[in-house]
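J.: sharing a model that was predicted from the sequence below.
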2 protein chains.
Amino acid sequence: MRNSRRIVRSCRAMLVVALGFIALPAAAQDPLPSWNDTGPKRAIIAFVTKVTKPGTPDFVPVSHRIATFDNDGTLWAEPPIYFQFEFAIDRIKLLSAAHPEWKTQEPFASLLEGDMQRALARGEQDIMDAIGATHAGMTTESFERIAREWIRTKRDARFKRPYISLVYQPMIELLNYMRSNGFKTFIVSGGGVEFIRAFAEEAYGIPPDQVVGSSGRLKYQMRGDVPELLKLPAVDFVNDKDGKVVGIQKFIGRRPIAAFGNSDGDQQMLEWTAAGKGPRLSVLIHHTDATREWAYDRGSHVGALDKALDMAEAKKWTVVSMKDDWNAIFPKQ
Amino acid sequence: MRNSRRIVRSCRAMLVVALGFIALPAAAQDPLPSWNDTGPKRAIIAFVTKVTKPGTPDFVPVSHRIATFDNDGTLWAEPPIYFQFEFAIDRIKLLSAAHPEWKTQEPFASLLEGDMQRALARGEQDIMDAIGATHAGMTTESFERIAREWIRTKRDARFKRPYISLVYQPMIELLNYMRSNGFKTFIVSGGGVEFIRAFAEEAYGIPPDQVVGSSGRLKYQMRGDVPELLKLPAVDFVNDKDGKVVGIQKFIGRRPIAAFGNSDGDQQMLEWTAAGKGPRLSVLIHHTDATREWAYDRGSHVGALDKALDMAEAKKWTVVSMKDDWNAIFPKQ
């Protein structure tokens, strides 16, 4: 009889464990181990705890738990030049055999000679055109394969590891933490939407339909009796600055309650998020760690952070110092 | 000892029930009670069963279980004129006091006089402009409130019930059935994205970010120190015919494995879906029930179904006859 009782007890324990495991997978352990126990981590946990507590005025239903994340400099590294730009240069080199005119045509000539400063000096439109030239003239499916392969294999010169592994470990933990609390996590990036989609699910657990980015025009056509989607060398939408808020409305259709960025390109997204009713979380990732990653903000040619930093201070947004608030940068290899 | 074994067995049963309940909430009952036991229901269930069976060649991982649904005529009714057009007419009447010029300006004049035929005869561009005029000049949030209120309260002349209740009960069951099998369900409609978003979550359980539709341009601006998104009277994207495939790539970024439509506007979406590798389901809803709903196809001024019906026959897509395959049309009130 004592034996029976013990069995019943252990069965009950099994049941509790089984149900508990499903309902609360991570409750027992620190969901953000790569974050130091400093202000930003506390602010994030306080926010998530607040909006998920039923029966309180700050409670936010799951359907409104929208969190948006910039990509370059917020979820993965961006210097010395945006990785997608590096990808475009590699494409230009590869395609240059079939384009002899590029030897004298800017910005192609400078890029082929490796003179980044001269190429970048010509301004954004030229760069957009160059990227357009290397991203178009193929189907969306071909592009996805090419981009994914490149991101998985191309190695960063300084960190000697593939670009896909230059994601921020604390942000991976944050994405998982927010999702486990009912948030739907979106990327809202100035980068090309199809470039980011090629790795976002593998790297961040974010499916293609939750990636908002800049995009080129597409054309649906038949090749014989096989339908295909062709990428055209024409810009359709630039998802940067004001465009990020427009992109959020176009693609998500609901204002985020939490947003994360790192540059002036994210200012409007953070401002739009902060201006909604109820609890709000606007966070800037500040690149302060030249030893483990990079240190840059005002005047940087990638991820320039100037106005948004002033606004963060004025409006008391959460500013994460990578040096002080993160105890790890990249995932262990 | 025998007693102990019995307890262990019943504990094990409890555990199985507890876990099974979580994994298979609806396995015991018919998930599609408003569908007759005819070809379409069997085809849909066979497809879903096939793609969700692990360890088989036809298995599709959850992340690729994308299903797209046209809205007008597929998820809710569309005659005598698309409901959004009815909404635009009501807006024109409301705004006409401030626009005396509309009394002589087409298509406004015809619409204000209630002469639909004359208004429609002038072609698509005029209609788009009229809709643009009534949908713009306000913030996205104001528009959402106005549209939601209208859809909830405006009553259909024939069925004497609010438009929001003219959704198809069999399709509501189908959406739930597919979602309970790991599908992500999207609306892909020629209608205005913000009009559909105003009711899609309430009516279909589809959140705003899973609605793809036609859209107007937006502008981010400050009113004092409050940021707002203004709707502009300019078309940004027409999500119809070829545009539906482009829209799927822009907004979803992955080819659907199942698609549902009812008109020639859906032909390319169904073709694109069917042309992918592995199991595919392309379904046409055929309006064959003049008694309980409407009967129309070739030559109809709403939801014209001509080429897509021929293609469905040639390619053996699933064609649902509302009269024969559905035992209910609208939800019980």
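T.: Cool, the structure landed.

J.: show me the contacts for the residue in the stretch 101-250 of chain A that chain B sits nearest to.
T.: Across the stretch 101-250 of chain A, the shortest distance to chain B (Cβ to the nearest Cβ) belongs to residue A:208, at 3.0 Å. Yep, even glycine has a C-beta here, placed from its N, CA and C like the rest. By Cβ atoms under 8 Å, 6 or more residues apart in numbering or on different chains, the residues touching residue A:208 are A:197, A:200, A:201, B:252, B:253, B:254.

J.: what's it sitting at in phi/psi?
T.: phi -50, psi -40 (degrees, to the nearest 10).

J.: and what of the one 3 residues further on?
T.: Recorded main-chain torsions at residue A:211 are phi -110, psi 120, according to degrees, to the nearest 10.

J.: can you give me the neighbour number for it?
T.: 25 (other Cβ atoms under 10 Å in any protein chain shown).

J.: for the one 5 residues further on, same thing?
T.: By the criterion of other Cβ under 10 Å, residue A:216 has 21 neighbours.

J.: beta partners for it?
T.: residue A:235 (DSSP bridges).

J.: who in the stretch 151-300 of chain A is up against chain B?
T.: Counting by Cβ under 8 Å from any Cβ of the partner chain, the stretch 151-300 of chain A comes close to chain B at A:184, A:186, A:193-194, A:197, A:201, A:207-211, A:215, A:218-220, A:226-227, A:229, A:236, A:242, A:245-246, A:249-254, A:268, A:271-272, A:275.

J.: let's go with 7 Å and repeat that
T.: Within the stretch 151-300 of chain A, the positions adjacent to chain B are A:197, A:201, A:207-209, A:211, A:215, A:218, A:220, A:226-227, A:229, A:242, A:245-246, A:249-254, A:268, A:271-272, A:275 by Cβ under 7 Å from any Cβ of the partner chain.

J.: mind checking which of these are buried?
T.: Among those, those buried by neighbour count (16 or more other Cβ atoms under 10 Å in any protein chain shown) are A:197, A:201, A:207-209, A:211, A:215, A:218, A:220, A:227, A:229, A:242, A:245-246, A:249-254, A:268, A:271-272, A:275.

J.: what about the residues you listed, which are in helices?
T.: Using DSSP state H, A:197, A:201, A:242, A:245, A:246, A:268, A:271, A:272 are the members of those that sit in helices.

J.: so who does the nearest residue to residue A:102 once chain neighbours are set aside touch?
T.: Spatial nearest neighbour of residue A:102, chain neighbours left out: residue A:108 (3.6 Å); criterion: Cβ to Cβ, 6 or more residues apart in numbering or on different chains. Applying Cβ atoms under 7 Å, 6 or more residues apart in numbering or on different chains to residue A:108 gives the contacts A:92, A:102, A:130.

J.: swap in residue A:293?
T.: A:77, A:287, A:322, A:329.

J.: where along chain A do the helices fall?
T.: Under DSSP H, chain A gives helices at A:2-23, A:39-51, A:83-95, A:108-113, A:116-121, A:124-135, A:140-153, A:169-180, A:193-204, A:242-247, A:267-274, A:307-315, A:322-325.

J.: could you dump these to JSON lines with mean pLDDT?
T.: Formatted as JSON lines, the helices of chain A follow (pLDDT from 0 to 100):
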{"stretch": "helix A:2-23", "mean pLDDT": "49"}
{"stretch": "helix A:39-51", "mean pLDDT": "98"}
{"stretch": "helix A:83-95", "mean pLDDT": "92"}
{"stretch": "helix A:108-113", "mean pLDDT": "91"}
{"stretch": "helix A:116-121", "mean pLDDT": "82"}
{"stretch": "helix A:124-135", "mean pLDDT": "79"}
{"stretch": "helix A:140-153", "mean pLDDT": "97"}
{"stretch": "helix A:169-180", "mean pLDDT": "98"}
{"stretch": "helix A:193-204", "mean pLDDT": "98"}
{"stretch": "helix A:242-247", "mean pLDDT": "98"}
{"stretch": "helix A:267-274", "mean pLDDT": "98"}
{"stretch": "helix A:307-315", "mean pLDDT": "97"}
{"stretch": "helix A:322-325", "mean pLDDT": "98"}
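
J.: let's have these in a markdown table, adding distance to residue B:114.
T.: Formatted as a markdown table, these follow (distance: least, Cβ to Cβ, whole Å):
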| stretch | distance to residue B:114 |
| --- | --- |
| helix A:2-23 | 57 |
| helix A:39-51 | 49 |
| helix A:83-95 | 54 |
| helix A:108-113 | 60 |
| helix A:116-121 | 60 |
| helix A:124-135 | 49 |
| helix A:140-153 | 45 |
| helix A:169-180 | 51 |
| helix A:193-204 | 44 |
| helix A:242-247 | 37 |
| helix A:267-274 | 41 |
| helix A:307-315 | 52 |
| helix A:322-325 | 64 |
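
J.: now the residue most central in space within chain A: how far from residue A:90?
T.: In chain A, the centroid-proximal residue (Cα atoms, centre = their mean) is residue A:71; its distance is 2.6 Å. Here the criterion is Cβ to Cβ, to the nearest Å. By it, residue A:71 lies 19 Å from residue A:90.

J.: can you check residue A:255 too?
T.: Residue A:255 is 38 Å from residue A:90, by Cβ to Cβ.
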